[in-house]
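1. next comes the sequence, and after it the predicted model I'd like to discuss.
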Amino acid sequence: GKLQLKEQTINIPDLLNECLHLFASQTKAKNITTNIQLAKEVPAEVIGDQTRLLQIFSNLISNAVKFTPSQGKIDIDVWMASLSDLTSQMLKVTFQVSDTGKGMTGQEIEQLFIPYYQCNSQIDRDHGGTGLGLSIVEKLVSLMGGTISVQSKVGVGTTFVFCGLFKNKPVPQSLPRNESGEILPTVC
């Protein structure tokens, strides 16, 4: 079956907090600091596939938690790819997940989105997982009309940046009302 995207209201701050909450016990156990930064122009709500976006974040945050040592840090940043989008029907929103984990080599990054690839066999023994996560993430991001990229430095950490297209949630037109809250007739 072909993956279909659903259209539903996504509350971006709630979704990010919900996703971090899924990993709260692990981040607490490892004393990892998490931080969400939303640019002020990002609408709180957009129209898109909430389940798929949650899947993408769960995967990226799961990896960040897995490979970030104790006392580490995971940051999530969200901004508009283009401010001119704010007035259009479609919005391109950019998401970034950064960690202070062990990082990867250029060679490891090249293989990252290949199904079943893991940087080394020790990862499966130490951290579990199938190596499918990032290939699925890449497919989902592409389904959302976006792209994903990664930057990493061994011993410093890794940053994933992806964007997705969402529908702008129409702002309900407020109708003129009197003091009692009754809608006033509009004069043309």
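-> That came through fine.

2. from now on I want contacts and neighbour counts done on CA atoms only, so please keep to that.
-> Noted.

3. top helix in this structure by residue count?
-> helix 50-67 (DSSP state H).

4. identify the residues contacting that one?
-> Residues outside helix 50-67 that contact it (Cα atoms under 8 Å, 6 or more residues apart in numbering): 5-6, 8-10, 15-16, 19-20, 23, 26-27, 32, 74, 97-99, 101-102, 127, 133-134, 137, 140-141, 160.

5. can you rerun that using 7 Å?
-> 8, 10, 15, 19, 27, 74, 99, 101-102, 127, 133, 137, 140 (Cα atoms under 7 Å, 6 or more residues apart in numbering).

6. ok, now stretch 98-116?
-> Identification of contacts with stretch 98-116 by Cα under 7 Å, 6+ apart yields 64, 67-69, 72-76, 117, 119, 130-132, 134-135, 138, 152-160.

7. now the buried members of the residues you listed.
-> In these, burial by neighbour count holds for 64, 67-69, 72-76, 117, 119, 131-132, 134-135, 138, 152, 157-160, counting by 16 or more other Cα atoms under 10 Å.

8. now do the helices in this protein.
-> Going by DSSP H, the chain shows helices at 12-22, 24-29, 50-67, 106-111, 121-127, 133-143.

9. by mean pLDDT, show me the worst of the ones you listed.
-> Lowest mean pLDDT of these: helix 121-127, a mean of 48.
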